[in-house]
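Asker: Okay, here's the prediction I keep looking at, along with the sequence it came from:
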Amino acid sequence: MQNWILYTLIYALFTGFFQCARKKAVEKNSIYEVLAIFSTISFILVSLTSKDVFNIGFTPLMIIFTKSIIIVISWILSLYAIQKMPISLYSIINLSRIVFSIMLSVIFLGEQLTTLLIIGAIIIILGLFLVNKVSNVENEKETSLKVVLILLISCLFNSVSAIIDKQVLKYITSIQLQFWFLLFLSIFYWCIIIFKNVKIDFKKTKQNYWILVAAICLTVGDRFLFKANEFPESKVAIMTLIKQFSVIEGIILGKIFFNEKNIIKKLLCSLLIIIGIVLTIV
């Protein structure tokens, strides 16, 4: 197994825990508290293990700055959505970033649009529809279209970020990318807290160990993802597929931590979606 494939798989495993920890964290603290605090903890952890991070040009720095803005918006939208739907449904809809990533890869990286890719995209959309139906039965009401659209926008922004990662890592190291990305991210979230006059409940924050779990998962997971992107031979489409192992993990964790129902049906629907994903990269 090539190293970049292994690194991406490790990233996927940490992402599943990261998504679950974020949802648990916002049960005790506000969205903005969670975002600002776990980003800051992640930045501190990265700072303690980073070297030569200041040897970076102005243009790559501005690209990372732009990426950070995109992710700030994306995470705010995704945290809003994750509070309004089951984590297993959230994980499945997140697969739409596959379609976005492929489209962006065709446009910006020159990858070829094939018949199998189109068929795979149709299968993915069918799978998303079936999972939504299963979740509606579970909750006895439909997840609103507004929430679904908000999550889809978040997925699109995440796909844009993935394209940026692949391009900017031609000129800087993965350590530099992670250091400056988390620095900008932390600054943006604290600015939002100040601007919105959000009060930090330090007592609840201190007791909310899920924030620390999310920070550790983010730090370790992104370290492996950025290192995978450093390999010139790594492919965005294949990496995007491997990341989806976190979907099955998210469904299982949804059962363990949130006692979500119809898990078997959701897993079967996720297999249909994964078949579509496989077709898109053949």
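Answerer: Perfect, I can see it now. Here the structure is a predicted model, which means the values were calculated and not measured.
Asker: any idea of the mean pLDDT in stretch 163-176?
Answerer: Per-residue pLDDT over stretch 163-176 has a mean of 92.
Asker: what about that stretch, how long is it end to end?
Answerer: In stretch 163-176, first residue to last residue: 17 Å (C-alpha to C-alpha, to the nearest Å).
Asker: Please identify the buried residues of it?
Answerer: Using 16 or more other C-beta atoms under 10 Å as the burial criterion, the residues of stretch 163-176 that qualify are Ile163, Ile164, Asp165, Lys166, Val168, Leu169, Ile172, Thr173, Ser174, Ile175, Gln176. In this view, the C-beta of every residue, glycine as well, is placed from N, C-alpha and C.
Asker: who touches it?
Answerer: Under the criterion C-beta atoms under 8 Å, 6 or more residues apart in numbering, residues 46, 50-53, 55-57, 59-60, 63-64, 66-67, 70, 101, 104-105, 108-109, 177, 223, 225-227, 229-230, 234, 236 lie in contact with stretch 163-176.
Asker: returning to what we had before: can you name the two of the buried residues of stretch 163-176 that sit furthest apart?
Answerer: Ile163 and Ile175 (20.4 Å; C-beta to C-beta).
Asker: Contacts only, for Ile236.
Answerer: Slight slip there: residue 236 is Val, not Ile. Contact criterion C-beta under 8 Å, 6+ apart gives Ser101, Ser105, Leu109, Glu111, Ala162, Ile163, Lys166 as the residues in contact with Val236.
Asker: typo on my end, Arg97
Answerer: Contacts here follow C-beta under 8 Å, 6+ apart; on that basis Arg97 touches Cys155, Leu156, Asn158, Ser159, Ala162, Thr240.
Asker: Which of those sits closest to Asn208?
Answerer: Taking C-beta to C-beta as the measure, Asn208 lies nearest Asn158 of the contacts of Arg97, at 24.8 Å.
Asker: my read: Ile242 touches Leu6, true?
Answerer: No - contact status for Ile242 versus Leu6: not in contact, 9.4 Å apart, counting by C-beta atoms under 8 Å.
Asker: quick one: which of the two has more around it?
Answerer: Ile242 (19 against 13; other C-beta atoms under 10 Å).
Asker: how near is the more buried one to Ile274?
Answerer: Counting by C-beta to C-beta, to the nearest Å, the gap from Ile242 to Ile274 is 11 Å.
Asker: do Phe54 as well
Answerer: Between Phe54 and Ile274 the distance is 42 Å, computed by C-beta to C-beta.
Asker: neighbour-wise, which of these two wins?
Answerer: Set side by side, Phe54 and Ile274 give different neighbour counts by other C-beta under 10 Å, the larger being at Ile274 (20 against 9).
Asker: Which residues are in contact with that one?
Answerer: Gln244, Val247.
Asker: Which element, helix or strand, includes it?
Answerer: When elements are assigned from DSSP states H and E, Ile274 belongs to helix 263-281.
Asker: Check Tyr90 too.
Answerer: Mapping Tyr90 onto the secondary structure by DSSP H and E places it in helix 87-93.
Asker: can you give me how far the following helix or strand past that helix is from the chain middle?
Answerer: Taking DSSP H and E as the definition, the helix or strand that follows helix 87-93 towards the C-terminus is helix 96-109. Averaging C-alpha positions (C-alpha atoms, centre = their mean, to the nearest Å) puts helix 96-109 15 Å from its chain's average.
Asker: and helix 96-109, which residues are buried?
Answerer: By neighbour count on 16+ other C-beta under 10 Å, the buried set for helix 96-109 is Ser96, Arg97, Ile98, Val99, Phe100, Ser101, Ile102, Met103, Leu104, Ser105.
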